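In: take a look and give me a structure for this.
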Amino acid sequence: MGSYNVAPLDRLVEQFEKLPGIGIKTAQRLAYYVLNMSQNEASDFAKAITDAHDKIKYCTVCCNFTDKEKCSICSDPKRDKEVICVVEESRDAMAIENTREFNGTYHVLHGAISPLEGITPDRLCIKELLARINNGNVKEVIMATNPTVEGETTAMYISRLLKPLGVKVTRLAYGIPVGGDLEYADEETLLRAIEGRSEL
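Out: Below is the predicted model of the structure:
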């Protein structure tokens, strides 16, 4: 895996290779691309990474990524606060937002229950969801976890916690293929899934 024994280049390739979906060849291409940047471009690139890491945090309401106390969706008075769409990751909320058809709010779990990977319910943002429901007048929670074993397990676990609270719990309709990820679904498929959701 050596690059002519240029240690800084090798380290750069190794860092890119740690990114999801990046193999050695792509990591090498990215590393060489970075090397061909001007000093200013390289500094801006590095600063963007450190700024994102230092300044982005969880929204105090929905746990989505934001650089403020509340994200723009939770701060928007026009959003329907009575409907919460629960997703695994921030990119899933963005995928649903791109349909421009959902006017409720979101709750980001930051993962799904997966005992094999050591992801237990206490490692997800579930208690924050329960606090929102206990503190507000939420009427419906849409479970929009991915249609995978882990996503289904998470949806069922949360629905069992919510039922005693008297809130309606629905699940996205299966316009989304089983085993697929929300971030890769097209907008029409997501729209149909939202419209065809069913109660759990």
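In: if you count residues, which helix in the protein comes out on top?
Out: The longest helix of the chain (DSSP state H) is helix 39-55.
In: in it, what counts as buried?
Out: Of all the residues in helix 39-55, not one is buried under the rule 16 or more other C-beta atoms under 10 Å. No exception for glycine: its C-beta is placed from N, CA and C like everyone else's.
In: dump it to CSV, restricted to CA.
Out: Output of helix 39-55 as CSV, limited to C-alpha atoms (Å, rounded to 0.1, in the frame of the first residue of the first chain):
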residue,chain,number,x,y,z
GLN,A,39,-2.2,26.1,-0.4
ASN,A,40,-5.3,28.2,0.1
GLU,A,41,-7.6,25.5,-1.3
ALA,A,42,-6.0,22.9,1.0
SER,A,43,-6.3,25.2,4.0
ASP,A,44,-10.0,25.9,3.2
PHE,A,45,-10.6,22.2,2.8
ALA,A,46,-9.0,21.4,6.1
LYS,A,47,-10.8,24.3,7.8
ALA,A,48,-14.2,23.1,6.5
ILE,A,49,-13.6,19.7,8.1
THR,A,50,-12.5,21.1,11.5
ASP,A,51,-15.3,23.7,11.5
ALA,A,52,-17.9,21.1,10.8
HIS,A,53,-16.5,18.9,13.5
ASP,A,54,-16.2,21.8,16.1
LYS,A,55,-19.4,23.8,15.3
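In: centre of the chain to whatever helix or strand comes next after it, how far?
Out: Counting by DSSP states H and E, the element after helix 39-55 in chain order, helix or strand, is strand 57-58. Taking C-alpha atoms, centre = their mean, to the nearest Å, the mean C-alpha location of strand 57-58 is offset from the chain mean by 12 Å.
In: again, but for stretch 41-51
Out: 23 Å.
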